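**Q** Predicted model follows, preceded by the sequence.
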Amino acid sequence: MALGGGVWPFIWWEMYSSGNYTPPKRANRIEFHVQDSDGHEHILRPMDLYTIDDDSSRQAAGYQLTYRAITGTDEQKAIYQPYLIRQIAFVLDTEIQQIEAWQNSWKVDFENHPPLDIEQPVQTVLLDSFNTDVINTVLANE
Amino acid sequence: MKIVKRLEHRYVSWLTRPAQNAAGRMGLYRIIYSLFYLWFLSHMQFAELSLVPTDLWDPTVLFSRLSPLPGIAYPTMEILLVIALVLLLVGYKTRLATLTTLLMGFGLAIFRTGLLTQERTILTTTFYVPLFMLLSNWGATYSIDALLRQNKGLSTIDPKDSSWRYIWPARGLLTVIALLFLSATITKCIQIDWLANPRFVGDFVLHKGVESYLRNGFPIHPLGPQLGRTDALAMATQYGVLLFEGAFVLVLFSRLAQAIICRITPIFHSMNTLLLGIPFISVVSIYAAFPDWQNIYETFYPNALKLTDLAKLSSTTLITGSVGLALAVGALWNTTPIPRQIFGLFDLFNYQTLWFAILPFVFIWIFRPLWQHFKSAIPYPWERL
């Protein structure tokens, strides 16, 4: 953020000035299937985790937490899963019982519109599943 | 030395040139900026900053000595910001309200940037506008401060006052946005891709369209893949964007360029939102400094909605009402959904749609002077004072 875009807040706009962008043939996204303490089910995406929006649509904060809690190393998961549970509980304003993280994958075909059918993923994989015992243990130790 | 003197003379001439309705424009801009900022805040819950893992704290260089604050600090700053914005909206203690807006808004931006997302565009709303306006007199018109002066029998400012002393901060903001666009062009040219890779924008549109859809819910418009896969359209867009961003700096030197480019700019951002899911909504707060709101107010604002009866109220009532309103909105901001719903316009607009809500007014702004000129030989706005 220093040389790459000025010395914040004295900035310049170097966004999207370079990069190796390729048209995707496949895309995926992690989804959280959440069960609260009343037994209700909710579906959240990383973009739903924070209200402080990313004005260039990358939603970096939500994805960073998601990747560290779900696909990170065992050490990262141990650290970030409690934070994920707590963030989801904040968003839903309810107590959380269990979270399942599913990865949906789609084929992208720009010949069609829309280029991917969000309702019809070609693959759905359970990446991880955990419950609030994790956060209770970690928070008790903090 | 001669060149320096000429440049200095041109700069002073530019800065001190009168602007039609300068005083009224800035007073109305104050109201619009406050409403926009409150709308912007209505979607955000700053309490979530306290839930971010502190080992993700990555402050920017100038603020590297700071540490994350205790959790209660963020919603407290948020409420103080809301109170300041309501006072700014009504125009009571305007300079203090502007300072508080700068400190609280920029303060929250520092921690938001260090904890969640390193973003630059937010600075247009949280830093540049309140910084320039802190030095302005945008509380001189359409404000409780002006009514209090009137009640004391002091002279008040005519909204039609064209003195440069009211408009110079807007010219400062115009300089900021012009330099930002110029920096975008320069970095694009330095990085070479935009110049040397004719498929750069085409591939970028295809890639970013899918990314914005999955990561942020922006629907993929059919025009996006069409443009991305058609080399002629993609290249025209690529070099057209370079030309537009590079030409933006001309707004500082030519009134004709300013009139044309300022009208094209919302269309540019609308297309970025439509094709890429990049709304850059925060820049609305700077662009709102440029239209002649006084002229628009006189032409379009219904007389029935003008708050002329405020002038009949006593100073005590005006002060109590202003402070009471600000405190009430601040107190309710995080405890009930009502103020967020009101200032959020009941979710009528969001990041995906705000530019398109502005577009009809932009088209009126574009075509009205043309229509007036051809119909009645009225000079174009940039030909008048």
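**A** Thanks, I have the structure now. Since this is a predicted model, take the numbers as computed values, not measurements.
**Q** Spit out the contact partners of the residue nearest the centre of chain A.
**A** Residue closest to the average C-alpha location in chain A (C-alpha atoms, centre = their mean): residue A:46, at 2.9 Å. Going by C-beta atoms under 8 Å, 6 or more residues apart in numbering or on different chains, residue A:46 touches A:29-30, A:59, A:62-63, A:65-66, B:215. Using the backbone N, CA and C atoms, a C-beta is placed for each residue, glycine as well.
**Q** show me the residues around the residue nearest to residue B:91 when sequence neighbours are not counted that make contact.
**A** Among residues not flanking residue B:91 along the chain, residue B:143 sits closest, at 2.3 Å (C-beta to C-beta, 6 or more residues apart in numbering or on different chains). Each residue near residue B:143 by C-beta under 8 Å, 6+ apart is listed here: B:27, B:30, B:90-92, B:94.
**Q** now residue B:232
**A** With C-beta under 8 Å, 6+ apart, residue B:232 has no contacts at all.
**Q** That one sits in which helix or strand?
**A** Using DSSP states H and E, residue B:232 sits in helix B:231-247.
**Q** Could you tell me which residues within the longest helix along chain A count as buried?
**A** Longest helix of chain A, by residue count under DSSP state H: helix A:74-92. Neighbour-count burial for helix A:74-92, counted by 16 or more other C-beta atoms under 10 Å in any protein chain shown, picks out A:77, A:79-91.
**Q** Stretch B:243-251 now?
**A** B:244-249, B:251.
**Q** what secondary structure does residue A:124 sit in?
**A** strand (DSSP: H, G, I helix; E, B strand; the rest coil).
**Q** Stretch B:354-373: how far from the chain's middle?
**A** 18 Å (C-alpha atoms, centre = their mean, to the nearest Å).
**Q** Can you list the buried residues in it?
**A** B:354-355, B:358, B:362, B:365-366, B:369.
**Q** and those as TSV, adding secondary structure and pLDDT?
**A** Output for the buried residues of stretch B:354-373, formatted as TSV (DSSP: H, G, I helix; E, B strand; the rest coil; pLDDT from 0 to 100):
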residue	secondary structure	pLDDT
B:354	helix	93
B:355	helix	94
B:358	helix	92
B:362	helix	89
B:365	helix	83
B:366	helix	85
B:369	helix	77
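**Q** Doesn't residue A:105 belong to a strand?
**A** Yes - Residue A:105 forms part of a strand when assessed by three-state DSSP.
**Q** And it, how close does it get to residue B:210?
**A** Using C-beta to C-beta, to the nearest Å, one gets 13 Å for the distance from residue A:105 to residue B:210.
**Q** Looking only at neighbour counts, state which of the two leads.
**A** Using other C-beta atoms under 10 Å in any protein chain shown as the criterion, residue A:105 and residue B:210 rank with residue B:210 on top: 24 against 14.
**Q** got the contact list for the more buried one?
**A** Contacts of residue B:210 (C-beta under 8 Å, 6+ apart): A:24, A:27, A:108, A:115-116, B:220.
**Q** quick one: least confident helix or strand in chain A?
**A** Sorted by mean pLDDT, DSSP states H and E, the helices and strands of chain A end with helix A:133-141, the least confident at a mean of 62.
**Q** Please spell out which residues along the one helix or strand residue B:297 maps to are buried.
**A** Residue B:297 is located in helix B:293-300, with elements delineated by DSSP H and E. Residues of helix B:293-300 classed as buried: B:293-297 (neighbour count, 16+ other C-beta under 10 Å).
**Q** which strands and helices sit next to whichever strand or helix holds residue B:264?
**A** Using DSSP H and E, the element containing residue B:264 is helix B:255-276. Judged by 3 or more C-beta pairs under 8 Å, 6 or more residues apart in numbering or on different chains; DSSP states H and E, the packing partners of helix B:255-276 are helix B:200-216, helix B:223-229, helix B:231-247, helix B:284-287, helix B:354-376.
**Q** could you dump those helices to TSV with distance to residue B:67?
**A** TSV is the format used below for the helices and strands packed on helix B:255-276 (distance: least, C-beta to C-beta, whole Å):
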stretch	distance to residue B:67
helix B:200-216	30
helix B:223-229	42
helix B:231-247	38
helix B:284-287	29
helix B:354-376	35
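**Q** Out of those helices, name the one with the poorest average pLDDT.
**A** Sorting those by mean pLDDT places helix B:354-376 lowest, at a mean of 85.
**Q** now it, how far from the chain's geometric center?
**A** 19 Å.
**Q** burial measure for residue B:62, as a count.
**A** Neighbour number of residue B:62 under other C-beta under 10 Å is 14.
**Q** Is it located within a helix, as I assumed?
**A** Yes - under three-state DSSP, residue B:62 sits within a helix.
**Q** so it makes contact with residue A:8?
**A** Yes - assessed by C-beta atoms under 8 Å, residue B:62 is found in contact with residue A:8 at 6.7 Å.
**Q** Flag the shaky bits of chain A, pLDDT-wise.
**A** A:1-5, A:53-54, A:134-142 (pLDDT under 70).
**Q** 80 - rerun?
**A** A:1-6, A:52-57, A:133-142 (pLDDT under 80).
**Q** Give me the phi and psi for residue B:249.
**A** phi -60, psi -20 (degrees, to the nearest 10).
**Q** How about residue A:30?
**A** Dihedral angles (degrees, to the nearest 10) for residue A:30: phi -90, psi 140.
**Q** beta partners of it?
**A** residue A:103 (DSSP bridges).
**Q** Just give me the residue closest to the centre of chain B.
**A** Centre-most residue of chain B, counting by C-alpha atoms, centre = their mean: residue B:285, 0.9 Å.
**Q** For residue B:230, grab the count of nearby residues.
**A** 13.
**Q** residues contacting the nearest residue to it once chain neighbours are set aside?
**A** Nearest non-adjacent residue to residue B:230, counting by C-beta to C-beta, 6+ apart: residue B:202, 7.7 Å away. By C-beta under 8 Å, 6+ apart, the contact set of residue B:202 is B:227-231, B:233-235, B:238.
**Q** from those, which would you call buried?
**A** B:227-229, B:233-234, B:238.
**Q** on that earlier part again, can I get the buried residues of helix B:293-300 in CSV including distance to chain A?
**A** Formatted as CSV, the buried residues of helix B:293-300 follow (distance: C-beta to the nearest C-beta, whole Å):
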residue, distance to chain A
B:293, 25
B:294, 30
B:295, 30
B:296, 27
B:297, 29
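**Q** Among the residues you listed, which one sits closest to residue B:12?
**A** residue B:294 (24.9 Å; C-beta to C-beta).
**Q** Does the closest one touch residue B:25 like I think?
**A** Yes - using C-beta under 8 Å, residue B:294 is in contact with residue B:25, at 5.0 Å.
**Q** how near is residue A:28 to chain B?
**A** Counting by C-beta to the nearest C-beta, to the nearest Å, the gap from residue A:28 to chain B is 8 Å.
**Q** Can you name the residues that contact the closest residue in space to that residue that isn't next to it in sequence?
**A** Using C-beta to C-beta, 6+ apart and skipping the chain neighbours, the partner closest in space to residue A:28 is residue A:105 (4.2 Å). Taking C-beta under 8 Å, 6+ apart, we find residue A:105 in contact with A:26-28, A:121-125.
**Q** So that I can see them in ChimeraX, could you write out a selection of the buried residues among those?
**A** In ChimeraX syntax, the buried subset of the contacts of residue A:105 is picked out as below (16+ other C-beta under 10 Å):
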select /A:27,121
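**Q** of the contacts of residue A:105, closest to residue B:321?
**A** Once C-beta to C-beta is applied, the member of the contacts of residue A:105 that ends up nearest residue B:321 is residue A:27, at 53.4 Å.
**Q** quick one: the closest one from residue A:63, how far?
**A** 13 Å.
**Q** Same question for residue B:244.
**A** 31 Å.
**Q** now residue B:257
**A** Distance from residue B:257 to residue A:63, by C-beta to C-beta: 40 Å.
**Q** What ranges does the stretch 1-150 of chain B have for its helices?
**A** Per DSSP state H, counting those that start in this stretch, the stretch 1-150 of chain B carries helices over the ranges B:2-16, B:22-42, B:73-90, B:94-115, B:122-123, B:129-134, B:144-151.
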